[in-house]
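> Structure for the following, please:
(one chain, ligands or ions: 1)
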Amino acid sequence: MSLEVEKKFVFNADTEENLRKLGAAFLGEQLFKDRYFDTEDFSLTLKDVWLRRRGDNFELKCPVGRDKQNKTDTCTRYRELTALPLIQAHIQQLLEPNGIKKEGTGHMHAVDRTLEKNNCGLTKGQAEEGTSGSWLNEFGLVEFAVFSTVRRTFTLPDTESIHIDLDYADFGFLVGELEVLVKTEEQIPEALTTIKELAEKLGVSNSERVPGKMDAYLQRFCPDHYQRLLEAHVLHR
Ligand code: V4E
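Numbering: from 1, shown residues only. As a prediction, this is how the structure comes out:
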């Protein structure tokens with residue numbers, strides 16, 4: 001499990017050249033497809049919890065407490081779960097905190113069944129194509145977004161924990177990310193300082209709130225969902 005501290009930024013045709021001038025090394029390019037899931041009434045995303053399948057792997061991003069006093073802070077921090085049994089247990093807790101399932105869903109035993117399947121030889125922590133649909137159905141989870149991204153990743157000398165990603169999403173949206181991974185909440189302030197210094201070096205505004213791919217996707221394709229998340233202060237204009 002890792003904590004992800006991240007700042008998004010707008011990039012342009014000069015950004016790669018500026019990165020090279022700073023001595024950044026190009027680590028490579030990836031193409032991935034993300035599918036996001038939630039209940040029909042947005043039970044996860046209204047809690048700022050994001051379940052996605054990237055390739056064959058499920059990932060759950062959950063918010064980590066932030067300093068509510070600091071209104072100028074534009075960095076996000078999320079805890080990322082990648083082991084499927086942990087993801088399912090967490091979702092079960094969020095969707096039925098008292099162990100009472102909602103009418104019309106059969107997800108009380110979804111976690112137990114996946115644990116059983118893992119014991120019967122499936123790759124632990126990951127779902128296979130044929131089995132993932134069933135646990136999603138049992139939790140009442142449906143796909144609400146799908147898009148592909150080409151990501152070009154850079155790093156700076158002596159800063160292995162920092163990644164700079166330039167993302168090109170297939171619905172015509174570009175966004176950059178400065179990302180630092182840490183292991184404990186105590187390391188977050190240092191990560192924020194690292195990001196602030198790097199943003200300054202790159203000439204990226206640290207005070208501007210830049211929408212991510214999901215903000216842009218929902219705004220364009222799912223306006224009702226987007227509106228609910230604005231009203232719940234999960235997303236911001
Ligand atoms: C946390 C979150 C979402 C999940 C996707 O997170 P994000 O980091 O934007 O995606 P991506 O593809 O860069 O993931 P990575 O490869 O780094 O793991 S979708 C919406 N959110 C919430 C959110 C928010 N409240 N504010 C901002 C600026 N971004 C995201």
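
> residue ranges of the helices in the protein, please?
15-21, 84-95, 110-119, 129-138, 188-202, 213-221, 223-231 (DSSP state H).

> low-scoring stretches of this structure, by residue?
Along the chain, segments meeting pLDDT under 70 span 1, 66-72, 98-133, 160, 206.

> and it, which residues reach the ligand?
Contact residues (CB under 6 Å from any ligand atom) of the chain with the ligand: 6, 8, 50, 61, 76, 78, 177, 179, 212-214, 234-235. Just so you know, the C-beta spots here come from the backbone N, C-alpha and C atoms, and that holds for glycine as well.

> Work out which residue lies at the spatial centre of this protein.
Nearest to the geometric centre of the chain sits K61, at 5.1 Å (CA atoms, centre = their mean).

> I'd say it and R54 touch.
No: taking contacts as CB atoms under 8 Å, K61 lies outside contact range of R54: 11.2 Å.

> Any idea how many residues pack against H236?
10 (other CB atoms under 10 Å).

> and what of T76?
19.

> bridging residues for the spatially closest residue to it that is not a sequence neighbour?
Nearest non-adjacent residue to T76, counting by CB to CB, 6 or more residues apart in numbering: E6, 5.2 Å away. With DSSP bridges as the criterion, E6 is bridged to T76, E179.

> pretty sure E6 contacts T74?
No: counting by CB under 8 Å, E6 sits too far from T74 to count as a contact (10.1 Å).

> What count of nearby residues applies to P211?
Residues lying near P211 (other CB under 10 Å) number 17.

> same deal with A232?
A count of nearby residues for A232, using other CB under 10 Å, gives 13.

> hang on, isn't it packed against L44?
No: contact criterion CB under 8 Å: A232 and L44 do not qualify, at 11.9 Å.

> Identify the residues contacting the nearest residue to K8 once chain neighbours are set aside.
Sequence neighbours aside, V210 is the residue nearest to K8 in space, at 4.2 Å (criterion: CB to CB, 6+ apart). Residues in contact with V210 (CB atoms under 8 Å, 6 or more residues apart in numbering) are K8, F9, V10, T74, V175.

> give me every residue that touches the last one.
Taking CB under 8 Å, 6+ apart as the criterion, V175 is in contact with K8, F9, V10, F11, D167, A169, V210, P211, G212, K213, A216.

> Neighbours of the last one, how many?
In this case it means A216. A216 has 18 nearby residues by other CB under 10 Å.

> about what we covered before: now for the helices of the chain, which one comes closest to T39?
helix 84-95 (7.1 Å; CB to CB).

> Can I get the closest one as PDB, trimmed to CA atoms?
Taking C-alpha atoms only, helix 84-95 is exported to PDB below (Å, rounded to 0.1, in the frame of the first residue of the first chain):
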ATOM      1  CA  LEU A  84      -8.300  -7.400  -4.500                       C
ATOM      2  CA  PRO A  85      -9.400  -8.900  -1.200                       C
ATOM      3  CA  LEU A  86      -8.500  -5.600   0.600                       C
ATOM      4  CA  ILE A  87     -10.300  -3.600  -2.100                       C
ATOM      5  CA  GLN A  88     -13.400  -5.700  -1.700                       C
ATOM      6  CA  ALA A  89     -13.300  -5.500   2.100                       C
ATOM      7  CA  HIS A  90     -13.000  -1.800   1.900                       C
ATOM      8  CA  ILE A  91     -15.900  -1.400  -0.500                       C
ATOM      9  CA  GLN A  92     -18.000  -3.700   1.600                       C
ATOM     10  CA  GLN A  93     -17.300  -1.500   4.600                       C
ATOM     11  CA  LEU A  94     -18.200   1.600   2.700                       C
ATOM     12  CA  LEU A  95     -21.400   0.300   1.100                       C
END
